[in-house]
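Undergrad: okay, here's the prediction I keep looking at, along with the sequence it came from:
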Amino acid sequence: MTKLSVNINKIATIRNARGGNTPNVTKAAVAIENFGADGITIHPRPDERHITRKDTYDLKQVVKTEYNIEGYPSEEFIEMVLELKPTQVTLVPDGPDVLTSNAGWNCLEEEDFLKPIIEKFKAKSIRVSIFLDPVVSQVDAAKSCGTDRIELYTEAYADGYPQDKESAIAPYIETANRANELEIGINAGHDLNLENLTYFVKNIPNLEEVSIGHALISEALYYGLNNVVQMYKRCCLSS
């Protein structure tokens, strides 16, 4: 079964819109775990527009499943992750002004930058995943960087799914097959939802984890957080 890691950035966004501590981010994380999620994902940004630095430390104290911290590997981010030692760090190429992740790494060009950073994290027994577009040549380059896993950037799949799901998923299958050949773990995330997740899970071989936030938290407004976590868990069944 593919693991479900819930990105709770949007809960922090709602809190920050009003100030104070409602909704409570750590309380929400504990509830989400109790509802059956396999992990908690956060993506702190320098402007703290959702998850704050304080949140990252508070969550470390309460998350009992897998704790995944995403972010651009600035010096400040690297220091924070090395101190917190989460289960996994997911490296994304976003600059500080990017609204949301919109591309994977070009590992062919960034190997000299990424490789020593990945080595630092792995030396602290932190699993490393890097955000990647569904391009086979990038998987080989990611292997050279030393990453444990890749996270397939799935916006293109989500955009193409309503018109032609077979064509939309084809490059992801090809990329996943190459990752399996190289013994790199496979995660996925971005714009996956209740409509398109089951097909993705069933067709990507050895998909270990999906990270879902915006759609899941939005759908919780209609169905309730407990119900939605269960609905996503069922989508993660591969057969």
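TA: Good, I have the coordinates.

Undergrad: what are the phi and psi angles of residue 202?
TA: For residue 202, the backbone dihedrals (degrees, to the nearest 10) come out as phi -70, psi -20.

Undergrad: where along this protein do the helices fall?
TA: 9-18, 25-34, 53-62, 75-84, 107-123, 136-145, 155-160, 165-181, 197-203, 214-223, 225-235 (DSSP state H).

Undergrad: first-to-last residue distance for stretch 19-32?
TA: Terminal residues of stretch 19-32 lie 22 Å apart, using C-alpha to C-alpha, to the nearest Å.

Undergrad: who is the most centrally placed residue in the chain paired with across the strands?
TA: Centroid-nearest residue in the chain, with C-alpha atoms, centre = their mean: residue 211, separated by 4.1 Å. Taking DSSP bridges as the rule, residue 211 bridges to residue 5, residue 189.

Undergrad: hang on, the earlier thing: can I get the helices of the chain in TSV with mean pLDDT, mean neighbour count and distance to residue 130?
TA: Backbone N, C-alpha and C define where each C-beta goes, glycine included. Listed next are the helices of the chain as TSV, based on pLDDT from 0 to 100; neighbours: other C-beta atoms under 10 Å; distance: least, C-beta to C-beta, whole Å:
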stretch	mean pLDDT	mean neighbour count	distance to residue 130
helix 9-18	96	16	19
helix 25-34	98	19	24
helix 53-62	98	15	20
helix 75-84	97	15	14
helix 107-123	97	16	7
helix 136-145	96	19	6
helix 155-160	97	18	16
helix 165-181	98	17	11
helix 197-203	98	19	19
helix 214-223	96	16	21
helix 225-235	97	18	24
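
Undergrad: can you check which of these gets nearest to residue 41?
TA: Among the helices of the chain, the nearest to residue 41 by C-beta to C-beta is helix 9-18 (8.2 Å).

Undergrad: please save the CA atoms from the closest one in PDB.
TA: Extracted C-alpha coordinates of helix 9-18, given in PDB (Å, rounded to 0.1, in the frame of the first residue of the first chain):
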ATOM      1  CA  ASN A   9       0.400  24.000   5.000                       C
ATOM      2  CA  LYS A  10      -3.200  25.000   4.300                       C
ATOM      3  CA  ILE A  11      -4.200  24.600   7.900                       C
ATOM      4  CA  ALA A  12      -1.400  27.000   8.900                       C
ATOM      5  CA  THR A  13      -2.600  29.400   6.100                       C
ATOM      6  CA  ILE A  14      -6.100  29.500   7.700                       C
ATOM      7  CA  ARG A  15      -4.600  30.200  11.100                       C
ATOM      8  CA  ASN A  16      -2.300  32.900   9.900                       C
ATOM      9  CA  ALA A  17      -5.200  34.700   8.100                       C
ATOM     10  CA  ARG A  18      -6.800  35.600  11.400                       C
END
